[in-house]
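>>> Give me coordinates for this.
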Amino acid sequence: MTFKSFTTATAALAITAGMALAQSANPMVGGAPMFANKTIVENAVNSADHTTLVAAVKAAGLVETLSSDGPFTVFAPTNDAFGMLANGTVDTLLKPENKATLTKVLTCHVVAADAMSMAIKGMVDDDGGKHPVPTVGGCTLQATYDGDTIMLEDERGRTAKVTIADVKQSNGVIHVIDTVLLPAM
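Reported below is the predicted structural model:
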């Protein structure tokens with residue numbers, strides 16, 4: 001092998017390795033890189049799209065829980081999703097006297113498992129098109145999918161779509177959603 005062919009082969013190998021690394025990396029969320037070696041909370045605080053969720057997690061006292069080992073799957077509503085709630089709802093939920101209600105709403109977005117999108121689709125298929133998803137908050141979501149889009153129906157019949165799936169964390173996975181999921185209450 002000549003030096004030139006060795007250099008060409010090495011460059012091709014480096015490009016291939018770089019492409020593989022880029023493909024296995026987490027997607028950007030809210031303009032920030034998400035690191036698989038950081039916790040759900042450590043990554044969420046960097047997302048410009050999740051400032052309302054982070055404020056709510058802090059107000060509910062869930063930072064320590066979502067920083068623990070898990071594993072957790074978090075269906076993370078964006079700021080726009082919170083903005084679709086009735087006027088004043090977020091402000092009311094963030095008041096100290098409403099901590100129990102806020103905690104219930106937030107924990108209805110958390111599953112005590114590491115559920116990647118392909119696993120969710122498999123469970124939906126195994127259950128004939130709809131899979132019940134019990135959350136740590138006691139809610140049961142109904143998971144379905146259409147093509148590559150996973151959808152979750154809450155106990156009030158509201159449907160959220162997963163807009164960014166499979167954001168790996170050191171203690172689970174985040175799936176970004178476009179609607180806040182609500183318990184039956």
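>>> Buried residues of stretch 155-174, list them for me.
Buried residues in stretch 155-174, counted by 16 or more other Cβ atoms under 10 Å: 155, 160, 162-174. Where C-beta positions appear, they are placed from N, C-alpha and C, glycine not excepted.
>>> Ignore what I typed, I meant stretch 135-152.
Thr135, Val136, Gly137, Cys139, Leu141, Gln142, Ala143, Thr144, Tyr145, Ile150, Met151, Leu152.
>>> same thing with stretch 53-64?
By neighbour count on 16+ other Cβ under 10 Å, the buried set for stretch 53-64 is Leu53, Val54, Ala56, Val57, Ala59, Ala60, Leu62, Val63.
>>> Of those residues, which belong to helices?
Leu53, Val54, Ala56, Val57, Ala59, Ala60, Val63 (DSSP state H).
>>> Take the residues you listed and write them to a markdown table, including distance to Ala32 and pLDDT.
Formatted as a markdown table, these follow (distance: Cβ to Cβ, whole Å; pLDDT from 0 to 100):
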| residue | distance to Ala32 | pLDDT |
| --- | --- | --- |
| Leu53 | 14 | 93 |
| Val54 | 12 | 92 |
| Ala56 | 18 | 93 |
| Val57 | 16 | 93 |
| Ala59 | 22 | 93 |
| Ala60 | 22 | 93 |
| Val63 | 18 | 92 |
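>>> For Val111, which non-adjacent residue is closest in space?
Thr73 (4.2 Å; Cβ to Cβ, 6 or more residues apart in numbering).
>>> In three-state terms, label that neighbour for me.
On the three-state scheme (DSSP: H, G, I helix; E, B strand; the rest coil), Thr73 is labelled strand.
>>> Check the one 3 residues further on too.
With three-state DSSP as the basis, the three-state label of Ala76 is strand.
>>> What's opposite it in the beta bridge?
Applying DSSP bridges to Ala76 gives these bridge partners: Val176.
>>> Could you pull up the residues touching it?
For Ala76, the contact set (Cβ atoms under 8 Å, 6 or more residues apart in numbering) comprises Ala44, His50, Leu53, His109, Ile174, His175, Val176, Ile177.
>>> so which of the residues you listed is the most crowded?
Taking other Cβ atoms under 10 Å as the neighbour criterion, His109 ranks highest of these with 28 neighbours.
>>> Report how many residues lie close to the residue lying closest to Leu93 once chain neighbours are set aside.
By the measure of Cβ to Cβ, 6+ apart, the closest residue to Leu93 outside its immediate chain neighbours is Leu102, 4.5 Å from it. Counted by other Cβ under 10 Å, the residues lying close to Leu102 total 21.
>>> Also the one 3 residues further on?
Counted by other Cβ under 10 Å, the residues lying close to Val105 total 24.
>>> That one: what's it in contact with?
Contacts of Val105 (Cβ under 8 Å, 6+ apart): Ala56, Leu93, Gly137, Val180, Leu181, Leu182, Pro183.
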